[in-house]
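Visitor: Pasting the sequence and the predicted model now:
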Amino acid sequence: MIARVASLALLGCLLIALAGGSLANAPSTGALHGLRVEPPKSVPAQALIDESGRPRRFPVAQRQWQLAAFGYTNCPDVCPMTLHKTAMLLAELGANADRLQVWFVSIDTPRDDPAQVKSFVSKFDSRIKGLTGDAAVVQALANDFNIMTRRFQGKTALAYTLEHSSFLYLIDPDGLIRIMYPATADAQGIAADLRQLWLLSAAKE
C-alpha cells in the first residue's frame, strides 16, 4: 500500500514540474528539506466547506503561511501519519505555530462530510483545520495540485479504499505553492525551512 502511494507521489511531483515550474530538491539547493517549486505556483481558489460547515475559499492569500495535506478520513496509514507529522511540526514551532495554518483537504467527498473531517483532524491537533466540499470542486482543486488518486472498490458502494499522492504543500502568504514535502520529510526539517523563510521575509520588509 505505502509503496504504491509513494509511486503516485512521485508521479504527482513530475506532473507539477510539467504543469508549470521546475522542482529543485534540497541537496541541489543545500538549504531546503523539501522540493522547491520554481517559479512558485499559483492555484485558482475553489469554494470549499470547512470543518464547521462554513464556506471557505482555498487556497487564498492570507497573513499566515499554510501547509496543505490531501487525503481522506478512512485512510488506514498515510493520512494519520501525515497529520501526526503536522501536529509534531506545530509543537516544534512553539510560540511561532500561529504563523502557520495546517489544512487537511478531503478527497473523499461521498463519505467525508464536515463533521467527519472535524472528528478526524481533531484527533491530532485542534489547530489543524479540515476542508471538504462538492465532488467536482474538490476534484478540480486536486487536479490543480496534481493529486494522483486510484480507487479500489469493495463489496458495497461506500466500501472502497483510495490510493493517493502524499505530499505536503507549503503555501506562502500570497497563496503560492513554494515547497512540496514528500512523506520522508520530518517535522524538524520543515520547521527549519519555515524559520529560514520567515527570516528572509523579515529581511525584505
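Guide: Noted; the coordinates are in hand.
Visitor: next SSE after the helix or strand of the chain with the lowest mean pLDDT?
Guide: Every helix and strand in the chain was compared by mean pLDDT, DSSP states H and E; the lowest is helix 26-29, with a mean of 37. Sequence-wise, the next helix or strand downstream of helix 26-29 (DSSP states H and E) is strand 35-42.
Visitor: For that next one, which residues meet the burial criterion?
Guide: 35-37, 40-41 (16 or more other CB atoms under 10 Å). For every residue, glycine as well, the C-beta is placed using N, CA and C.
Visitor: Tell me the one among these nearest to Trp65.
Guide: Using CB to CB, Pro40 comes nearest to Trp65 of the buried residues of strand 35-42, at 12.2 Å.
Visitor: From Thr73, how far off is the closest one?
Guide: 30 Å (CB to CB, to the nearest Å).
Visitor: And Lys129, by the same measure?
Guide: When Lys129 is compared with Thr73 (using CB to CB), they lie 14 Å apart.
Visitor: Give me the common contacts of these two.
Guide: By CB atoms under 8 Å, 6 or more residues apart in numbering, Lys129 and Thr73 have no common neighbours.
Visitor: from memory Gly175 sits against Ala45, does it?
Guide: Yes. Under the criterion of CB atoms under 8 Å, Gly175 makes contact with Ala45 at 7.3 Å.
Visitor: ok now do Glu92, which residues does it touch?
Guide: Applying CB under 8 Å, 6+ apart to Glu92 gives the contacts 187-188, 191.
Visitor: cool, and Asp125?
Guide: Residues counted as contacts of Asp125 (CB under 8 Å, 6+ apart) are 83, 86-87, 90, 102.
Visitor: Go through the residues you listed and flag which are in helices.
Guide: With DSSP state H as the criterion, helices contain 83, 86-87, 90 from among these.
Visitor: Show me what Gln153 is bridged to.
Guide: Tyr160 (DSSP bridges).
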